[in-house]
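# okay, predicted coordinates and the sequence, questions at the end:
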Amino acid sequence: MYLSTPITPMKNLDENWIQLMIAARNMGVSKEEVLHFIRQLKKQNKSRL
């Protein structure tokens, strides 16, 4: 199968996300734990509205 568009690396990763993941890794926090924390914050913010 031939692809007409070249495959390029993802260049639009958010720099803040990258820095968060590096900091989390350095502290021994997994990506799943970070995502869980963010989801909990979103739930709390929705309940305040």
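In hand now; what should we look at?

# please, which helix or strand holds the residue nearest in space to the middle of the chain?
Note on the chain: the residue nearest the mean C-alpha position is residue 17, at 5.2 Å, using C-alpha atoms, centre = their mean. Using DSSP states H and E, residue 17 sits in helix 15-27.

# what is that helix packed up against?
On a contact count with 3 or more C-beta pairs under 8 Å, 6 or more residues apart in numbering; DSSP states H and E, helix 15-27 meets helix 31-48. Where you see a C-beta, it was placed from the backbone N, CA and C, and this is true even at glycine.

# now the helix it packs on: how far from the chain's centre is it?
Distance, stretch centre to chain centre, for helix 31-48: 13 Å (C-alpha atoms, centre = their mean, to the nearest Å).

# before we move on, back to that, CA-only coordinates of the helix holding residue 17 in PDB, if you can.
C-alpha atoms of helix 15-27 as PDB (Å, rounded to 0.1, in the frame of the first residue of the first chain):
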ATOM      1  CA  GLU A  15       5.100  21.900  25.600                       C
ATOM      2  CA  ASN A  16       3.300  22.300  28.900                       C
ATOM      3  CA  TRP A  17       2.100  18.600  28.700                       C
ATOM      4  CA  ILE A  18       5.700  17.500  27.900                       C
ATOM      5  CA  GLN A  19       7.100  19.400  30.900                       C
ATOM      6  CA  LEU A  20       4.300  18.000  33.200                       C
ATOM      7  CA  MET A  21       5.100  14.500  32.100                       C
ATOM      8  CA  ILE A  22       8.900  15.000  32.600                       C
ATOM      9  CA  ALA A  23       8.200  16.400  36.100                       C
ATOM     10  CA  ALA A  24       5.800  13.600  37.000                       C
ATOM     11  CA  ARG A  25       8.300  11.000  35.800                       C
ATOM     12  CA  ASN A  26      11.100  12.600  37.900                       C
ATOM     13  CA  MET A  27       8.800  12.300  40.900                       C
END
